[in-house]
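Student: fold the following, please.
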Amino acid sequence: MLPSRDRPLLITGAAGFVGGYLIRELHRLGISEDSLVGLVQPGQAVAGVGRVIETDIRNRAAILSDVSQSAPSALVHLAAISEPARARSEPSRAWDVNVEGTRHLAEAVLSYAPDCRFIFACSSEAYGSAFNTHSTPAGVEEDVPLKPMTPYAATKAVCDVMLSQMAVEGLRCFRFRAFNHTGPSQPPSFVVPAFAQQIAAIEAGEQPPVVRVGNLEAKRDFLDVRDVVAAYAMAAIGENVPESGVFNLSSGKTRTIQSILDHLVAKSRVPVTVERDPERMRTSEVPYVCGNNERLRQALGWAPTIDFEQTMDDTINYWRSTFA
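Tutor: So this is what the prediction gives:
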């Protein structure tokens, strides 16, 4: 059943990095600003939506009321403590926001908007050490066990299992295990913008000509954020989509962190050197991460469209603009 265009589409975490791209993608697909509701933390601002709800998703009563009043046709749940380092330093908050907040939203949808499509931004981090035992050249598939290794990954794995159980009770839930995704405006706490920001700062004379890096040997599966939100939008408003399911949102390819650094350094407009930073040097317990995306391709007709070299170029140009 198609979502009703007479009812809004609700986006949690609408003020975040991915939320902004999702809003622009929905506009591109013809969804009007008035049809979008952004749920954000108190005090946050968001553009491109007809209505903003300021709510702490840890507040169950508030969430029940918000979902009841908005009666969304689809809900894309992006809000989370998404930086692994922050989740490790604030575990109680991470569990409350990521797990309890998700439970509140899903229960509200089941109670007040049972035909709503619930789109959940899970994470490939939930696979954890399973990458070391279940990887194939085509990448891990969705039926491998979840063996999270960090607090952030554990919160996402718990939500994944919880929503799978709630789907049995009727929740129309799409669980997307999103692999590394990046692009312009992503915070520099993530690897691609971390390199790009440093190079742009060096070009602008804002820091010495040294790019400080951590472990470069790990192989990871990267996507452009614009391809990621295209999948979320397809699930939220597309025709002929399944009632529910779990999907790897991945490129199906790997690249080393070293190759990303090499590409960005080659784009530098001034000479730079690379220096290992002991504070960034963490031995990877999962050296190889790749996801098989065949299930998603078959279910939604989705495929990546943006070359990752373009993603990296767009990212460094974004950071150059911030120093202009």
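
Student: helices along the stretch 101-250 of the chain, start to end?
Tutor: In the stretch 101-250 of the chain, the helices defined using DSSP state H, counting those that start in this stretch lie at 101-112, 130-134, 151-168, 191-203, 225-237.

Student: and the fourth one, average pLDDT?
Tutor: Meaning helix 191-203. Averaged across helix 191-203, pLDDT comes to 98.

Student: go on, the longest one?
Tutor: Averaged over helix 151-168, pLDDT sits at 97.

Student: picking that back up, would a markdown table of the helices of the stretch 101-250 of the chain with distance to L39 and mean neighbour count be doable?
Tutor: Where you see a C-beta, it was placed from the backbone N, CA and C, and this is true even at glycine. Shown next, in a markdown table, are those (distance: least, CB to CB, whole Å; neighbours: other CB atoms under 10 Å):
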| stretch | distance to L39 | mean neighbour count |
| --- | --- | --- |
| helix 101-112 | 9 | 21 |
| helix 130-134 | 32 | 16 |
| helix 151-168 | 17 | 20 |
| helix 191-203 | 25 | 23 |
| helix 225-237 | 14 | 24 |
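
Student: let's have these in CSV, adding distance to P184.
Tutor: What follows is these, written out as CSV (distance: least, CB to CB, whole Å):
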stretch, distance to P184
helix 101-112, 27
helix 130-134, 28
helix 151-168, 23
helix 191-203, 8
helix 225-237, 8
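
Student: closest one to S82 among the ones you listed?
Tutor: Closest of these to S82 is helix 151-168, at 7.4 Å (criterion: CB to CB).

Student: just to revisit the earlier point, ok, which of the helices of the stretch 101-250 of the chain comes nearest G30?
Tutor: helix 225-237 (9.0 Å).

Student: quick one: the strands in this protein, in order.
Tutor: Ranges of strands in the chain, per DSSP state E, are 9-12, 36-40, 51-54, 74-77, 117-123, 172-178, 180-182, 210-213, 219-220, 222-224, 245-249, 255-256, 273-276.

Student: any regions of the chain where pLDDT drops low?
Tutor: For the chain, the stretches flagged by pLDDT under 70 are 1-5, 280-284.

Student: count the neighbours of the nearest residue to E83 once chain neighbours are set aside for me.
Tutor: The shortest distance from E83 to any non-neighbouring residue, by CB to CB, 6 or more residues apart in numbering, is to S189 (5.4 Å). Residues contacting S189 under the criterion other CB atoms under 10 Å number 12.

Student: and of the strands of the chain, who's closest to S321?
Tutor: Evaluated over the strands of the chain, closeness to S321 peaks at strand 180-182, with 16.6 Å, by CB to CB.

Student: show me the contact partners of the closest one.
Tutor: Strand 180-182 is contacted by residues 18, 124, 190-193, 220-225, 227-228, 249, 289, 311, 315 when judged by CB atoms under 8 Å, 6 or more residues apart in numbering.

Student: is the nearest residue to D160 once chain neighbours are set aside in a bridge, and if so with what?
Tutor: Leaving out its chain neighbours, the residue that sits closest to D160 by CB to CB, 6+ apart is C122, at 5.1 Å. Beta-bridge pairing of C122 under DSSP bridges involves R177.
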